[in-house]
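J.: Dropping the sequence and predicted coords here.
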Amino acid sequence: MEDQSPARSSWFGALSGVAGLAASVWLAYLALSQRLPEPVLAKSEGLAAAPKLTPCVMDREGYWKGRLFGSAPVEIDWTGAALTCAGNARPGGNGLRLFFAGHPAAGENRLVMVLGIGAPVGDLAGREHPVNLTLIDEATSQFFHAAEDRCFTRVREVTPLGGDDSYRVEGDLYCAGAIASVSGANSVTLGEMAYAGRLTLGGD
């Protein structure tokens, strides 16, 4: 029979708190680096910060449209100034990252999507690419992550924008099966999604 003493329960509570903190730190790493959790932890190189998200307004506005299924389904139809977006090179130059964020309800909490695509900008359009996908729900502090064998994007169009190395990237996103929360037992399922965002290479 297991020991159910108060001291043992307190010890398990403290351990759970430490595990939760470690998971939160690791989730933040995933959201920024978009790399799989393997040898990268042993590397001493600095972690590149995510770019600043600004209103997704271009000559042709950016958008994020689709549906999330889970305990609380979310309809997403965010366009232009109602959506913030950004994009840059992945740390180490291994492909690209696209960031999107919007507000599913009144308040300051956002839903954030990060796509990591392991291809250069010249190879994006007209092809299907595996992606690392991270979803961040600020309202519940949950992170959901799917590696490249689970999610894919078909990039329909890459359009140069005014300014050096700046592009509008438009495509579709789909995933095979549910995406698990890294820190718990919850999961979300993506309906087919469509997006258009801003990618800026070079500089910060």
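T.: Arrived safely. Numbers count the residues shown, from 1 in each chain.
J.: And the next helix or strand past the worst-scoring helix or strand of the chain on mean pLDDT?
T.: Ranking every helix and strand in the chain by mean pLDDT, DSSP states H and E puts helix 6-33 at the bottom, with a mean of 36. Next in sequence after helix 6-33, counting helices and strands by DSSP states H and E, comes strand 54-55.
J.: Which elements pack onto that following strand?
T.: Packing partners of strand 54-55 (3 or more CB pairs under 8 Å, 6 or more residues apart in numbering; DSSP states H and E): strand 84-89. Any C-beta I mention is one placed from the backbone N, CA and C, and that applies to glycine too.
J.: Pro130 pairs with what?
T.: Under DSSP bridges, the beta-bridge partners of Pro130 are Phe152.
J.: Tell me the spacing between it and Thr159.
T.: 23 Å (CB to CB, to the nearest Å).
J.: repeat for Asn88
T.: Noted for Asn88: a distance of 17 Å to Thr159, by CB to CB.
J.: who's more crowded, these two?
T.: For Asn88 versus Thr159, neighbours defined as other CB atoms under 10 Å are more numerous around Asn88 (21 against 14).
J.: Touching, that one and Gly95? I think so.
T.: No - the criterion here is CB atoms under 8 Å, and Asn88 misses it with Gly95 at 10.6 Å.
J.: Give me the mean pLDDT for the helix or strand where Arg198 lies.
T.: According to DSSP H and E, Arg198 maps onto strand 193-200. Averaging pLDDT along strand 193-200 yields 96.
J.: got it, and stretch 110-124?
T.: Mean per-residue pLDDT for stretch 110-124: 93.
J.: how about the residue lying closest to Glu192 once chain neighbours are set aside, what does it touch?
T.: Leaving aside its chain neighbours, Glu192 sits nearest to Tyr174 (5.1 Å; criterion: CB to CB, 6 or more residues apart in numbering). Applying CB atoms under 8 Å, 6 or more residues apart in numbering to Tyr174 gives the contacts Cys151, Phe152, Thr153, Leu190, Glu192, Met193.
J.: Next up, the contacts around Glu128.
T.: With contact set as CB under 8 Å, 6+ apart, Glu128 has these partners: Phe152, Thr153, Arg154, Val155.
J.: what are the bridge partners for the most centrally placed residue in the chain, then?
T.: In the chain, the C-alpha nearest the mean C-alpha coordinate belongs to Val114, at 2.4 Å (CA atoms, centre = their mean). Val114 forms beta bridges with Phe99, Thr134, as assigned by DSSP bridges.
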